[in-house]
Structure formats: C-alpha cells, structure tokens
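Trainee: following is a predicted model, sequence given first.
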Amino acid sequence: MKSLLALILCLVLVAISGSALAGGYRMPYVATDKEELYGTWVNMDFAGIGRRPQKMIIYPDGRIEYFRSAAVERVSHKVRYLIARKWSDPEGNIWYKSHWVHSAGVECFELIKISNSGKTYESAYDTHEYPTKIDPAEDDYYRIYYRE
C-alpha cells in the first residue's frame with residue numbers, strides 16, 4: 001500500500017514538473033513594491049472621454065485611478081488590477097500582462113510596455129484575452145501615457 005502511494009505521488013510530481021518544463025504551467029508573478037508600472041501617467045492629447053482619460057495613477061496595492069482631466073483631482077473611474085506576468089525584451093523595455101476589473105464590472109486583459117527609459121507607458125487591452133502585440137495603427141484599445 002505504501003509503495004503504491006509513493007508510486008502515485010512520484011507520477012504526479014513527474015507530470016507537474018514535466019508540464020512546467022514544457023511551458024504548460026507558469027507560476028504567477030508576484031509583484032514587488034517597486035514595479036516600473038507604478039506611478040502617475042498622463043497624456044494631455046487625450047480628450048478625457050471614454051477609454052482615454054488624460055491621467056491615471058497606478059498604485060502598488062492593486063488600484064488604478066483614472067482622471068478625465070489631468071488638472072482635476074476628482075477620480076472619474078477606478079479599476080482593480082493584478083500583474084499576471086512581467087518580462088523584459090532585448091532593448092530593455094519592461095513588459096507586463098495585467099488583468100483588471102473596472103468598477104462597473106468590466107473585465108479586461110492588458111499588454112503593457114514600459115519604455116527602457118521608464119518614461120513611456122504603451123498598452124493595448126481586450127475584454128476576452130491578452131493582446132499579442134501593441135500596435136497603435138490597428139488597435140482601438142491602444143493607449144500611450146508619459147510619466148508625470
């Protein structure tokens with residue numbers, strides 16, 4: 001009985017580790033207190049209507065506050081977010097996959113690129129799955145902000 005239990009346990013461990021090595025399983029990313037993503041981002045070219053508010057503040061505690069106008073202190077809407085993945089590319093840009101839920105209950109999947117200077121935030125998002133690229137010419141949900 002003990003040897004059967006040990007055999008089953010070994011098979012389970014082999015299956016899990018094989019899946020992890022093959023890329024089938026990925027440990028969730030655990031964000032730090034000093035992510036490049038955090039801070040205040042603005043784009044004065046945005047009219048502040050709909051999907052493109054002029055200002056957003058991303059907090060380490062999983063909150064984002066959006067402001068229609070960068071000059072106004074009244075929050076227009078809020079989201080809760082979770083960083084699902086982080087990596088960097090050969091140019092030194094930092095990439096994130098973020099999953100967030102709007103205060104109205106809308107769920108989104110966002111691909112984010114923080115420039116290697118840390119001063120530019122570009123993203124694309126979708127309500128069904130993570131975008132595979134960020135393309136301002138093709139994506140209705142493209143946004144660009146600059147660190148304040």
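Mentor: That came through, no problem.

Trainee: list the buried residues for the lengthiest strand in the chain?
Mentor: Longest strand in the chain, counting residues (DSSP state E): strand 77-88. For strand 77-88, the neighbour count (16 or more other Cβ atoms under 10 Å) marks 79, 81, 83-84, 86 as buried. (Glycine included, C-beta is placed from N, CA and C.)

Trainee: try stretch 59-71
Mentor: 64-68, 70.

Trainee: which of those residues fall in strands?
Mentor: By the criterion of DSSP E, membership of these in strands covers 64-67.

Trainee: how about these in TSV, adding distance to Tyr125 and pLDDT?
Mentor: Compiled in TSV, these are given as follows (distance: Cβ to Cβ, whole Å; pLDDT from 0 to 100):
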residue	distance to Tyr125	pLDDT
Ile64	12	95
Glu65	17	95
Tyr66	13	93
Phe67	18	94
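
Trainee: of those, which is the nearest to Lys133?
Mentor: Nearest to Lys133 among these: Ile64, at 22.2 Å, using Cβ to Cβ.

Trainee: now for the closest one: which residues touch it?
Mentor: The contact partners of Ile64, by Cβ atoms under 8 Å, 6 or more residues apart in numbering, come to 56-58, 78-81, 100.

Trainee: looking at those, which is nearest His128?
Mentor: Using Cβ to Cβ, Trp100 is the member of the contacts of Ile64 that sits closest to His128, with 13.8 Å.

Trainee: and the closest one, what helix or strand is that in?
Mentor: Trp100 is part of strand 94-102 when elements are defined by DSSP states H and E.

Trainee: show the subsequent helix or strand relative to that strand.
Mentor: strand 107-114.

Trainee: which of the helices or strands spans Met27?
Mentor: Here Met27, judged by DSSP H and E, is contained in no helix and no strand.

Trainee: can you check Glu138 too?
Mentor: Assessed by DSSP H and E, Glu138 sits outside every helix and strand.

Trainee: now the residue nearest to the spatial centre of the chain: closest residue in space, sequence neighbours ignored.
Mentor: When Cα atoms, centre = their mean is applied to the chain, the residue found nearest the centroid is Ser98 (2.1 Å). Computed as Cβ to Cβ, 6 or more residues apart in numbering, the closest residue to Ser98 that is not its neighbour in sequence is Glu110, at 4.5 Å.
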